[in-house]
Structures are given as C-alpha cells and as structure tokens.
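1. Got a sequence here, can you build the structure:
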Amino acid sequence: MARLAQCAMYHPMFRKLAKSQSYERSATNKQEKAFYTQTNRLLRQGQHFYPYAVGIKTGYHAKAQHCLIAAAEKEGRLLVCALMRCKDRSKLWQDAKALFEAAFSESLVEKEVLAAGEQPFSKAIEHGTIALTTYTKEPLLVKYYPSEEPSMRCMLVWDECALPVAAHQRVGEVQLVED
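-> Predicted structure coming up:
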C-alpha cells in the first residue's frame, strides 16, 4: 500500500484529491449529488492536525482493522507511511506523526560508493596486447537519509573503444543501478 501511494503521489490530480478537505460529487443520471468529507485527521485542524500532512486515505476492514495511508512533505522530502491492523483508531494519528517526525529529524548522510583511482573494470580490445583498465578521477558519492538507504551497485557502460586508446581517454560511464 505504501508503494502504491508513493507512486500515486507523483500524479498532480491524485495529490490534489488526497489533500482535499471535502469533495462534492455532481448528480448523474444514476446518483444524487453527494458531499464527501476528509476523515484523515492529520489534514484537519484539531488535536491530530499535522502541518506537513499532504494526504492520503483512511480505511477500515474487518481483517485489516483501522488503517491509514498517510503522506507528509517537508523541505521537498515526501514521506509515505502505511499503518494497518490498528485496534484503536486514535493511535493512527499519533503513530503516523511519530514516524514522520523520526524520519524528518534524520540528517542527510553521504556515502562513497566508488573510490577515486584505479577501478576493477577491464576490457579486452580487439587487436590489443593488454586489457584496457579503468580509473576515476573523483569518487562517486551518494547522499540519502538513513531510513531510505538505497540498495545499489555500480556498473560500467563501455563506450565503443578502438585502438589506439590514449591515456586519460573516456572509455565508459559508471552508472549506479538501484536493486
């Protein structure tokens, strides 16, 4: 549910609807006009209001019990949480706020994924006597929040290389691939 919500929040219309306080559905030939009110208390002024909340949906199901799929945004960082099987509905709002606050209090960290210098990538070139070896001038760094540490690996996408290859010639591009 969290992953679906995360994807949906990239769509402006969904985002607008998820944050709406109310919605009036027009009458159709099969239904009367109806008025819907947002039940996500994180979005409504009051005891459970959360100023960074931007949506999404509350729910209840006999097996899933009280549920909340919530989103909050602060300083350009969008977070989504999915809370399910909550017996006490009032705990949903407290738990969501606590999760958001814990994540928003994290500091950005920087990790060196690939050190500068000689690299393990090599390639034989047609008619060459030794394999082409690689190096990088600068380290490859990634910034992320600890709770969002990506699972990734480096790979080299080789350029077309033919003899003669000059010293310091670009031979490819290192790409980070998220697993």
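2. okay, CA-based contacts and neighbour counts for the rest of this
-> Noted.
3. Leu163: what's it in contact with?
-> Taking Cα atoms under 8 Å, 6 or more residues apart in numbering, we find Leu163 in contact with Ile125, Glu126, His127, Gly128.
4. Quick check: buried residues in the strand or helix carrying Lys91?
-> Under the criterion of DSSP states H and E, Lys91 resides in helix 89-104. Within helix 89-104, the residues that count as buried by 16 or more other Cα atoms under 10 Å are Arg89, Leu92, Trp93, Ala96, Lys97, Phe100, Ala103, Phe104.
5. Neighbours of Ala27, how many?
-> Using other Cα atoms under 10 Å, Ala27 has 10 neighbouring residues.
6. how much space between it and Ala34?
-> 7 Å (Cα to Cα, to the nearest Å).
7. Switch the contacts of Leu163 over to CSV; also include distance to Gly59, neighbour count and pLDDT.
-> CSV is the format used below for the contacts of Leu163 (distance: Cα to Cα, whole Å; neighbours: other Cα atoms under 10 Å; pLDDT from 0 to 100):
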residue, distance to Gly59, neighbour count, pLDDT
Ile125, 61, 16, 86
Glu126, 63, 11, 85
His127, 66, 9, 84
Gly128, 65, 12, 84
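8. just checking, which of these belong to strands?
-> Using DSSP state E, no member of those sits in strands.
9. Which two of these have the greatest separation?
-> Ile125 and His127 (6.2 Å; Cα to Cα).
10. All the strands of this protein, residue numbers only.
-> 22-25, 34-37, 53-61, 65-74, 77-86, 109-114, 117-123, 132-136, 140-144, 152-158, 172-178.
11. Kindly spell out which helices and strands sit in contact with the last one.
-> So that's strand 172-178. Applying 3 or more Cα pairs under 8 Å, 6 or more residues apart in numbering; DSSP states H and E, we find strand 172-178 packed against strand 152-158.
12. between the strand it packs on and strand 117-123, how many degrees?
-> Counting by axes from the mean of the first three to the mean of the last three Cα atoms, to 10 degrees, strand 152-158 points 60 degrees away from the direction of strand 117-123.
13. Now strand 152-158: buried residues?
-> Across strand 152-158, burial judged by 16+ other Cα under 10 Å covers no residue at all.
14. Restricting to C-alpha, output that strand in PDB.
-> Output in PDB follows, covering the C-alpha atoms of strand 152-158 (Å, rounded to 0.1, in the frame of the first residue of the first chain):
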ATOM      1  CA  MET A 152      22.600  -0.200  -5.300                       C
ATOM      2  CA  ARG A 153      25.500  -1.400  -7.300                       C
ATOM      3  CA  CYS A 154      27.900   0.200  -9.800                       C
ATOM      4  CA  MET A 155      28.300  -0.900 -13.400                       C
ATOM      5  CA  LEU A 156      30.400   0.400 -16.200                       C
ATOM      6  CA  VAL A 157      28.700   1.000 -19.500                       C
ATOM      7  CA  TRP A 158      31.500   0.900 -22.000                       C
END
